[in-house]
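Undergrad: Coordinates for the following, if possible.
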Amino acid sequence: MNGAVNLAYSYPVLGTFLTVLWIFLWIVWLIVLFRVIVDIFRDDTLGGGAKTGWMAFVILLPFLGVLVYVAARGRGMGAREAHRAHAQQKDLDDYIRRTAAGDGHGGTPTDELARLAEIHDKGGLSDAEFERAKEKVLH
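TA: I've put the predicted structure just below:
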């Protein structure tokens with residue numbers, strides 16, 4: 001080899017920084033694009049025609065479509081996301097309460113029969129009431 005190869009300086013630091021910046025901005029752009037698409041599909045106030053129009057606008061002219069969508073409907077995006085998260089949390093809390101309470105919605109038939117037998121043994125249920133309750137659990 002006649003010449004020295006200096007690989008460490010073939011790509012300047014500023015060039016590396018700009019490349020990383022462009023990759024970061026591209027990833028942020030994809031996240032915003034998909035958030036807008038998900039918001040279009042989840043929005044119950046939009047009809048089918050409006051959803052189709054927004055989707056066509058966002059797909060055919062992505063940069064302009066997303067910017068216009070965020071400008072026109074951006075305030076509601078956060079509210080809709082917060083409302084959905086609140087509804088999911090409420091559903092989860094209700095499920096946990098039902099399951100922990102063992103009110104028949106979360107327990108197995110075996111658990112219900114054991115609870116009925118315990119109440120019957122303590123005298124809380126007559127034989128006829130126990131049989132009716134047992135039939136209800138088994139069917």
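Undergrad: When you work out contacts or count neighbours from here on, use the C-alpha atoms and nothing else.
TA: OK.
Undergrad: so what's Ile119 closest to, chain neighbours aside?
TA: Leu125 (6.3 Å; CA to CA, 6 or more residues apart in numbering).
Undergrad: And the helices in this protein?
TA: 13-42, 48-60, 62-101, 109-121, 127-138 (DSSP state H).
Undergrad: Can you report how many residues lie near Lys51?
TA: Neighbours of Lys51 under the rule other CA atoms under 10 Å: 19.
Undergrad: any idea how far it lies from Ala71?
TA: Using CA to CA, to the nearest Å, Lys51 is found at 16 Å from Ala71.
Undergrad: CSV please, covering the helices of the chain and showing mean pLDDT.
TA: Converted to CSV, the helices of the chain look like this (pLDDT from 0 to 100):
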stretch, mean pLDDT
helix 13-42, 93
helix 48-60, 94
helix 62-101, 89
helix 109-121, 86
helix 127-138, 86
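Undergrad: center of this structure - which residue?
TA: By CA atoms, centre = their mean, the mean C-alpha position of the chain lies nearest to Ala85, the distance being 7.3 Å.
Undergrad: Domain boundaries for the chain, per the record?
TA: Domains of the chain are assigned by automatic domain parsing as 1-77, 89-139.
Undergrad: thinking again about what came up before, and the residue nearest to Ile119, how far is that from Thr99?
TA: 24 Å.
Undergrad: likewise Glu129?
TA: 25 Å.
Undergrad: what does Ala117 give?
TA: As judged by CA to CA, Ala117 and Thr99 stand 20 Å apart.
Undergrad: One more: Phe41?
TA: Distance of Phe41 to Thr99, computed by CA to CA: 32 Å.
Undergrad: Gln89 now?
TA: 15 Å.
Undergrad: again, but for Leu30
TA: 40 Å.
Undergrad: now do Gly47
TA: For Gly47, the distance to Thr99 - CA to CA - is 37 Å.
Undergrad: Comparing those two, which residue is more hemmed in?
TA: Thr99 (14 against 10).
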